[in-house]
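K.L.:
3D model of this:
(one chain, ligands or ions: 1)
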Amino acid sequence: MEVIIRPDATAAVELVAQLIQNRIASCPASVLGLATGRTMEQVYASLLRREVSFEHCTSFNLDEYIGLAPDDPQSYRHYMQQHFFSHSDFWSDNTHVPEGDAEDLQQAAKDYEELIRNAGGIDLQLLGIGEAGHIGFNEPLSAIMSRTRDKCLTPTTRRQNAAMFGGDPEQVPKRALTMGVGTILEAREIILLATGEAKAAIIAQAVEGPITSMVSASALQLHPHCKVVVDHASASQL
Ligand code: GLP
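P.N.:
Reported below is the predicted structural model:
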C-alpha cells in the first residue's frame with residue numbers, strides 16, 4: 001500500500017485524475033472500476049476538463065441501490081450519467097452499473113461478475129471510502145473473499161448518504177448490490193481517494209490498523225498495487 005499525502009483536496013483529486021489519465025494514455029482500452037460519492041464528483045470533473053478520451057475504455061461501477069431504476073435521479077446509474085458518462089466519449093454499451101432493479105438479484109450479481117471476467121478483469125479500480133470503512137457498499141463484516149451480492153446498508157451509511165435523498169436517512173434504500181471485497185481485490189491496480197477531516201479516523205484504521213472484516217478498506221493492505229491518495233485533513237490521524 002502506497003500512501004500519498006497532498007496538501008489539500010484539490011491537489012489530491014488532481015493527482016488521482018492524472019494517474020487515470022496516464023493509465024489511459026498508456027493503455028487506451030483500459031477496463032476501469034468506477035465509484036460514486038461526493039469525493040468522486042471532483043475526479044470526474046477533472047477528467048472531463050482534461051478531455052481524456054474513454055472511447056476505447058470499458059467501465060464497471062462498484063454498486064447500485066436496490067429498488068432504484070437506472071433513470072431514477074437518485075440511482076448511481078443516474079449519478080454516473082450526470083457527472084461523467086453523458087459528457088464524455090464513453091460508448092454507453094461499454095459502461096456497466098449493477099442492476100439494482102433486477103427481479104433476480106442473485107442472478108444479476110452473478111451476471112455482473114461474469115461481465116467483468118469476460119472483459120478481462122478490471123485494470124484500474126477507483127475507490128472512495130465510507131466513514132465506517134466500506135469500499136463499494138461492503139459494510140462492516142463483509143468477508144474479504146466476498147463477491148458481488150446484495151448487502152444491507154448500516155444506519156451510519158444511510159445517514160452519511162442522506163444528503164442525496166433530501167437529507168432524510170429513511171429515504172435511503174436499505175440495500176444495495178455491490179461488488180465484493182474479493183471482486184475489488186482482483187483489480188490489477190487500485191486507487192483509493194479520501195479527502196476531509198471526516199475520513200481521518202477511518203483512513204488511519206484502514207491503512208495502519210489490523211486487516212479486519214470490520215473495516216473493509218483494511219483488506220486493501222493485501223493488494224500489491226494499491227495507492228491511497230489523501231489530503232492533509234484525511235491524513236491527520238496517520
Ligand atoms: C457511497 C459509495 C461508496 C463511496 C462512499 C463515499 O457510500 N457506495 O463507494 O466510497 O459513498 O462517499 P463520499 O465521497 O460522498 O464521502
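
K.L.:
what's the closest non-adjacent residue to I5?
P.N.:
Spatial nearest neighbour of I5, excluding adjacent residues (Cβ to Cβ, 6 or more residues apart in numbering): A235 at 4.5 Å. From N, CA and C alone the C-beta is placed, and that goes for glycine too.

K.L.:
helix, strand or coil: sort out the one you found for me.
P.N.:
coil (DSSP: H, G, I helix; E, B strand; the rest coil).

K.L.:
surely it and I4 touch.
P.N.:
No: counting by Cβ atoms under 8 Å, A235 does not reach I4; the two are 9.4 Å apart.

K.L.:
the more surrounded of these two?
P.N.:
Shown here are A235 and I4; by other Cβ atoms under 10 Å, A235 has more neighbours (22 against 15).

K.L.:
with S218 as the reference, measure out to the more buried one.
P.N.:
A235 sits 16 Å away from S218, going by Cβ to Cβ, to the nearest Å.

K.L.:
one more: Y76?
P.N.:
Counting by Cβ to Cβ - Y76 and S218 are separated by 24 Å.

K.L.:
mind listing the strands for the chain?
P.N.:
For the chain, applying DSSP state E gives strands covering 2-6, 31-34, 58-61, 63-65, 95-96, 124-127, 149-152, 175-178, 189-194, 226-231.

K.L.:
the residue nearest to I5: what's it in contact with?
P.N.:
Residues in contact with A235, defined by Cβ atoms under 8 Å, 6 or more residues apart in numbering, are V3, I5, A200, I203.

K.L.:
could you save those residues as JSON lines and add columns showing pLDDT, distance to the ligand and neighbour count?
P.N.:
Below are the contacts of A235 laid out as JSON lines (pLDDT from 0 to 100; distance: Cβ to the nearest ligand atom, whole Å; neighbours: other Cβ atoms under 10 Å):
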{"residue": "V3", "pLDDT": "98", "distance to the ligand": "17", "neighbour count": "15"}
{"residue": "I5", "pLDDT": "98", "distance to the ligand": "18", "neighbour count": "15"}
{"residue": "A200", "pLDDT": "98", "distance to the ligand": "13", "neighbour count": "18"}
{"residue": "I203", "pLDDT": "98", "distance to the ligand": "12", "neighbour count": "25"}
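
K.L.:
widest-spaced pair of those residues?
P.N.:
Checking the contacts of A235 against each other with Cβ to Cβ, the farthest-apart pair comes out as V3 and A200, at 12.8 Å.

K.L.:
sorry, back to before: sort out which one of the contacts of A235 lies nearest F137 for me.
P.N.:
Distances from F137 to those, taken as Cβ to Cβ, are shortest for I203 (18.4 Å).

K.L.:
how close does the closest one sit to A12?
P.N.:
12 Å.

K.L.:
report pLDDT for the residue nearest to I5.
P.N.:
With respect to pLDDT, A235 scores 98.

K.L.:
no further queries at this time; thank you.
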